[in-house]
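Trainee: everything below, folded, please.
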Amino acid sequence: MFQNPEQFAAATKALFQFQLETFNTLTEKAVHGLEQVVELNIHTAKTGVEDSLAASKAVSQASDPKAALDVVAARLQPGMAATNAYNRQLTEIITEIHNEFTRAAEAHVAEAKNNLSALIEDVTKNVKPGSENAVEIVKSAIENAFKGYEQVTSATRNAVAAVDQQIAKVSAQAEEATKK
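Mentor: Below is the predicted model:
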């Protein structure tokens, strides 16, 4: 296998550093996305409070109940439009996070697969006779791990697509409600 312990330690260290780099990259992308969602929510809440105060003032200054109802009715459509805009922006942020996360994960996995393949090649070229079965078991285990990762990635994509569909459905329903 490895000619000396230092060679094994160096390979192990390189793999560990790569995993740490992958984790840091994905964490950074997740935090950035969370910041965007928080910023959107703060902006939406601030706008909502301002609109509510303006509507309350307009209703309180109405000359009669019919005028107050007209003010409330006039505020419904812009409120629904704001809800639709929020849903679109949230969908864009979620989609962007998902796409960046997927790209980063796929790039890191491809690089990890190449590094592991090189490591396995290095290990297997110095195998003692009779150890071929053990090497095949290790290779098979690594290949199965990558296949498992690909299945998890596919399931994650499907889950994000389902969330996107639900957001689109709610947005469409809200738009229909504003037309009525």
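Trainee: His98: how many residues sit nearby?
Mentor: 19 (other CB atoms under 10 Å). For the C-beta atoms, the positions are set from N, CA and C on the backbone; glycine is no exception.
Trainee: okay but Thr47 is in contact with Ala81, surely?
Mentor: No - using CB atoms under 8 Å, Thr47 is not in contact with Ala81; the gap is 11.7 Å.
Trainee: which residues do the two both contact?
Mentor: With CB atoms under 8 Å, 6 or more residues apart in numbering applied, the contact sets of Thr47 and Ala81 do not overlap.
Trainee: got a pLDDT number for the spatially closest residue to Thr47 that is not a sequence neighbour?
Mentor: Leaving aside its sequence neighbours, Thr47 sits nearest to Ala82 (CB to CB, 6 or more residues apart in numbering; 6.8 Å). On the pLDDT scale, Ala82 is placed at 85.
Trainee: now Lys29
Mentor: So Lys29 comes in at 79 (pLDDT).
Trainee: go on, Ala14?
Mentor: 70.
Trainee: returning to what we had before: what helix or strand is the residue nearest to Thr47 on?
Mentor: helix 65-124 (DSSP states H and E).
Trainee: show me what that helix is packed up against.
Mentor: Identification of packing neighbours for helix 65-124 by 3 or more CB pairs under 8 Å, 6 or more residues apart in numbering; DSSP states H and E yields helix 5-60, helix 132-179.
Trainee: ok and it relative to helix 5-60, angle-wise?
Mentor: Following axes from the mean of the first three to the mean of the last three CA atoms, to 10 degrees, one obtains 180 degrees for the angle between helix 65-124 and helix 5-60.
Trainee: follow-up on the earlier one: mean pLDDT for the helices and strands packed on helix 65-124: which is lowest?
Mentor: helix 132-179 (a mean of 68).
Trainee: I'd say Ala104 and His32 touch.
Mentor: No - Ala104 is beyond contact range of His32, at 11.4 Å (criterion: CB under 8 Å).
Trainee: give me the neighbour count for the residue nearest to Thr47.
Mentor: Based on other CB under 10 Å, the number of other residues close to Ala82 is 14.
Trainee: got the contact list for it?
Mentor: 44, 47-48, 51.
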